[in-house]
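K.L.:
Predicted coordinates and the sequence they were generated for:
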Amino acid sequence: MEHLFLHTASRLRQRAYSEALSFLADAEEAEDVAQEVMLRMWEKRSSLHPDAGLQEAYALTLTRNLCRNRHRSKVRHPLLRLFLGSHPFQADDDDALAAGIGDIADTAPHHHYGGEKKHSVQKKT
């Protein structure tokens, strides 16, 4: 089965990339999706059907599902998109992310919950 998979892998990867690119319109993200598809297929290579057409259908289904998942995470976490770009869970610079979120928190109204409350922290001696 490994031999059959390796024989079709290049074509499947290109199809996954093309499908992801048409869905996401971002070459880097499409490349990530194509790599994820191929990794998942490699992990399941022993249970894949030997028919190349069915393997392609499986690869394209995986591609569409991964693209939908990426889209959902962007919709659900729009604030993260501002700082993380096309990768919702991978910050290039954690300090920049923290600073950006801190800046947004600083601009939020402090009286949102019925007025400012002063909190004092007492040191234990």
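P.N.:
Happy to help now that I have it.
K.L.:
What is the least confident helix or strand in this structure?
P.N.:
helix 94-107 (a mean of 56; mean pLDDT, DSSP states H and E).
K.L.:
Helices along the protein, start to end?
P.N.:
All helices of the chain, identified by DSSP state H, fall at 2-24, 27-43, 52-76, 78-84, 94-107.
K.L.:
could you give the angle of the first one to helix 27-43?
P.N.:
In other words, helix 2-24. For helix 2-24 against helix 27-43, the angle by axes from the mean of the first three to the mean of the last three C-alpha atoms, to 10 degrees is 150 degrees.
K.L.:
Equivalent analysis for the third one, please.
P.N.:
Using the same axes, to 10 degrees, one finds that helix 52-76 and helix 27-43 are set 130 degrees apart in direction.
K.L.:
Check which residues of helix 52-76 are buried.
P.N.:
Judged by neighbour count using 16 or more other C-beta atoms under 10 Å, the buried positions of helix 52-76 are Gln55, Tyr58, Ala59, Leu60, Leu62, Thr63, Arg64, Leu66, Cys67, Arg70. To be clear about C-beta, it is placed using only N, CA and C from the backbone, and glycine gets the same treatment.
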